[in-house]
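# sequence-free structure coming up:
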């Protein structure tokens, strides 16, 4: 086999000189298969992303940390289950993102402001998690956005007037 490799290299060099092929051309054996390289790259990225996700133990530690000193009074005890449900839904959604820590920090700041601003106990309709509230708001807003977009798709006006938008949304 060593002789065969030597002969192959010899003939390759001889042919390169005869045909005046510059160095670096035709060295296919040095270039990895592109498809294989792409698959390995995707697998590596997937493993990296999954390695960065919060695990069950870390999620429970986050919940414990964020519920610390939250049952001091009856007022806060009423809100705690709602806030914990909001936290669980948020963590499930944020765990898929690369910037999960930034999102968590912003969520904590927003939740702290919300807790400080509370003055009434939650009524029946308001005993919903953040995700449920945002979903309902988005449902209503998406219908209004769809009406506005349909109007502008039908009319060739490039001029957007607030009064026109208000009329469409309030129909």
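Perfect, thanks for sending it. Please read all numbers here as calculations on a predicted model, not as lab measurements.
# could you use CA atoms for every contact and neighbour count after this?
Noted.
# any stretches of this structure with poor pLDDT?
Applying pLDDT under 70 to the chain flags residues 1-7, 9-11, 23-33, 126, 153, 155-171.
# now do the helices in it.
2-19, 34-52, 56-66, 74-94, 100-117, 130-154, 162-169 (DSSP state H).
# contacting residues around the second one?
For helix 34-52, the external contacting residues (CA atoms under 8 Å, 6 or more residues apart in numbering) are residue 98.
# so that helix versus helix 100-117, what angle?
Interaxial angle, helix 34-52 versus helix 100-117 (axes from the mean of the first three to the mean of the last three CA atoms, to 10 degrees): 30 degrees.
# run the chain-centre distance for helix 34-52.
17 Å (CA atoms, centre = their mean, to the nearest Å).
# on that earlier part again, turn the helices of the chain into CSV, columns for distance to residue 123 and mean neighbour count.
Formatted as CSV, the helices of the chain follow (distance: least, CA to CA, whole Å; neighbours: other CA atoms under 10 Å):
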stretch, distance to residue 123, mean neighbour count
helix 2-19, 82, 11
helix 34-52, 39, 12
helix 56-66, 23, 13
helix 74-94, 10, 16
helix 100-117, 16, 13
helix 130-154, 14, 13
helix 162-169, 29, 12
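# how about these in JSON lines, adding distance to residue 124?
Shown next, in JSON lines, are the helices of the chain (distance: least, CA to CA, whole Å):
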{"stretch": "helix 2-19", "distance to residue 124": "81"}
{"stretch": "helix 34-52", "distance to residue 124": "38"}
{"stretch": "helix 56-66", "distance to residue 124": "24"}
{"stretch": "helix 74-94", "distance to residue 124": "12"}
{"stretch": "helix 100-117", "distance to residue 124": "18"}
{"stretch": "helix 130-154", "distance to residue 124": "13"}
{"stretch": "helix 162-169", "distance to residue 124": "29"}
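# any idea which residue sits dead centre in this structure?
With distances taken as CA atoms, centre = their mean, the residue of the chain nearest its centroid is residue 97 (3.5 Å).
# distance check, that residue against residue 138.
Taking CA to CA, to the nearest Å as the measure, residue 97 falls 21 Å from residue 138.
# just residue 122 next, same as before
Note on residue 122: its distance to residue 138, by CA to CA, is 21 Å.
# now swap in residue 120 and tell me
25 Å.
# equivalent analysis for residue 87, please.
Note on residue 87: its distance to residue 138, by CA to CA, is 19 Å.
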